[in-house]
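A.B. asks: Give me coordinates for this.
(2 chains)
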Amino acid sequence: MPIEFKDYYTTLGVSRDATSDEIKQAFRKLARQFHPDVAKDKKTAEEKFKAVNEAHEVLSDPVKRKKYDELGAHWQEGGDARHANGWSGGVGAAAGYGQPRAHEFHFNGTGFSDFFEQYFGRAAFPDEPHGFSTPFEMERGAHRGFDIDGDILVTLGEVMHGTSRAISLETIDPHSGTNETHSFTVRIPPGAAEGWRIRVPGKGGPGTGGGGAGDLYLRVRYAAHPDFRVRGADLYHDVELAPWEVVLGTTVVVPSFEGPIKVRIPAGTNHGRQLRVRGHGLPQGRNGKRGDLFAVANIQIPKQVTEDEQSLWEQLGRISRFNPRQA
Amino acid sequence: MSSHCGNSLAGFRDSIRVRREGHRAKNDRIRETNMNEITQSVETALQLFEPAADLAYSIESVAHITQVPRYLIAVYCRDGFITPIGQPELEGWWFDDEAIRALRRIELLRAEYGMNLRGIRLVLGMNRELEALRDEVRFSRGR
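C.D. replies: Numbers count the residues shown, from 1 in each chain, chains lettered A, B, ... in the order given. The predicted structure follows:
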């Protein structure tokens, strides 16, 4: 099946030699515009956001970006990019350690494009070159079908409330060339944790000789959010602060899923200090508990100063007894 | 092993349960359900798979699904290859989908790659560490 090449640089609107900061800024700008949790026209924004998130996923990771750049060069040459650099895509279980693919398969509905699935899907574990059979099945000459691993993209808003995904999985038998498409809906419960695997029994590769079908494992992946980072059920929001704000203290407004919250920044707050807002994180499974929201102090230094500001900083430097290098 | 294989499908489904938090009595806390079944959705005519976030399988169910004998599952638990949910001494042996996947991986490494338990421990440990590092890198890169 021909796969369409994705130009992630165009998607983010950055040049090919963009720095990681430029990529981050471009992502945040577009994500704020199109994020389904934020956008007014959710339907239209969703597809755009998926593309933006996918581009960010690849370009923000130096290793993936390098592979992508090499892949792009080979793609333009019309070569087989999969073998261009000794690496192959990681969709599913059939790609083992140098083993030929027993079956090829394509996901639809996971939130990632075929291109991403093919070349940037995960292959963290040596997967079965063919179905692994139990001793009981071996006795009968039966082979269990292989398990398939895939990622499913979920926004934080969907984690809050739960969601459903229409998934279609197309399996192509390389020997007969026949393809088979399984369509089904997977309901993701509220509080589904990052990395949580949803096992869909019998939706993996077909068994042979009477062996059972393998299973499909969908791993929950959180879509990057323009305002929050996630660790467990806790949300982290970076609050940009001026030096005088952290010295004197101030009050800032931080976003949350319940609406904006006022957070007091105490006088003398250091860079990186985390201020906890209890119970405003993500749900933890179905136990009703919520994680916390952390406002992280991120002190910004002005890049340019006026003459008056220069003079005031110099005055401060003369009269201050503060020495950051003193033990 | 044959006793595991001989379990009826109905009996197997009955032993897939959803753990409910917040109740002390064991019988109240565990409710029988068929949440892991694939059922027909009338509206969409698509198969609907609706797993519960706290889905748990009894050791018998895990043995049936993975075809790994119960005693071997217990050995893997004892050696830290898989971890049961909650407190097995008080609540019995319950496992999640991750444990089923881990058991399949262990059996794959044993049977297909001829690895012993020490080798499997090394591979799984490195894999876990790699996952944790990836998560940390992802979190840090979001700054």
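A.B. asks: List the residues that contact the nearest residue to A:P266 once chain neighbours are set aside.
C.D. replies: Leaving aside its chain neighbours, A:P266 sits nearest to A:G249 (5.4 Å; criterion: C-beta to C-beta, 6 or more residues apart in numbering or on different chains). Just so you know, the C-beta spots here come from the backbone N, C-alpha and C atoms, and that holds for glycine as well. Applying C-beta atoms under 8 Å, 6 or more residues apart in numbering or on different chains, we find A:G249 in contact with A:R264, A:I265, A:P266, A:A267, A:G268, A:T269.
A.B. asks: Which of the residues you listed fall within strands?
C.D. replies: Per DSSP state E, strands hold the following members of these: A:R264, A:I265.
A.B. asks: Return the member of the contacts of A:G249 nearest to chain B.
C.D. replies: Taking C-beta to the nearest C-beta as the measure, chain B lies nearest A:T269 of those, at 17.3 Å.
A.B. asks: element containing the residue lying closest to that closest one once chain neighbours are set aside, please.
C.D. replies: Once flanking residues are discounted, A:T269 sits nearest to A:V246: 4.4 Å by C-beta to C-beta, 6+ apart. Assigned by DSSP states H and E, A:V246 belongs to helix A:243-248.
A.B. asks: A:T171: helix or strand, and which one exactly?
C.D. replies: strand A:163-172.
A.B. asks: returning to that earlier point: show me what counts as buried in the next helix or strand after the helix holding A:V246.
C.D. replies: Per DSSP H and E, the first helix or strand lying C-terminal to helix A:243-248 is strand A:250-254. Going by neighbour count (16 or more other C-beta atoms under 10 Å in any protein chain shown), the buried part of strand A:250-254 is A:T250, A:V252, A:V254.
A.B. asks: If you drop the residues flanking it in sequence, what lies closest to the first one?
C.D. replies: This points to A:T250. Excluding the flanking residues, the one nearest A:T250 by C-beta to C-beta, 6+ apart is A:I265, at 5.0 Å.
A.B. asks: Can you tell me how far that neighbour is from A:S20?
C.D. replies: Per C-beta to C-beta, to the nearest Å, A:I265 is found 28 Å from A:S20.
A.B. asks: same question, A:V14
C.D. replies: The gap separating A:V14 from A:S20 is 10 Å, by C-beta to C-beta.
A.B. asks: more neighbours, those two?
C.D. replies: The residue with more neighbours, out of A:V14 and A:S20, is A:V14; 18 against 13, by other C-beta atoms under 10 Å in any protein chain shown.
A.B. asks: Nearest spatial neighbour of the more buried one, chain-adjacent residues omitted?
C.D. replies: Distances taken as C-beta to C-beta, 6+ apart put A:A26 closest to A:V14, at 4.9 Å, once the chain neighbours are dropped.
A.B. asks: neighbours of that neighbour, just the number please.
C.D. replies: Neighbours of A:A26 using other C-beta under 10 Å come to 20.
A.B. asks: tell me the SS of it?
C.D. replies: Recorded secondary structure, A:A26: helix (DSSP: H, G, I helix; E, B strand; the rest coil).
A.B. asks: cool, and the one 3 residues further on?
C.D. replies: Using three-state DSSP, the structure places A:K29 in helix.
A.B. asks: How much space separates it from A:D227?
C.D. replies: In terms of C-beta to C-beta, A:K29 sits 13 Å off from A:D227.
A.B. asks: Looking at these two, which one has more neighbours?
C.D. replies: A side-by-side neighbour count of A:K29 and A:D227, using other C-beta under 10 Å, places A:D227 first with 18 against 14.
A.B. asks: Now A:E158. Nearest residue, chain neighbours left out?
C.D. replies: Spatially, and ignoring its direct neighbours in sequence, A:E158 is nearest to A:I188 (6.7 Å; C-beta to C-beta, 6+ apart).
A.B. asks: Are we agreed that A:D37 is in a strand?
C.D. replies: No - counting by three-state DSSP, A:D37 is not found in a strand; it is coil.
A.B. asks: That one: how many residues sit nearby?
C.D. replies: Counted by other C-beta under 10 Å, the residues lying close to A:D37 total 20.
A.B. asks: Let me see the contact set for it.
C.D. replies: Listed by C-beta under 8 Å, 6+ apart, the contact partners of A:D37 are A:T155, A:L156, A:G157, A:H225, A:F257.
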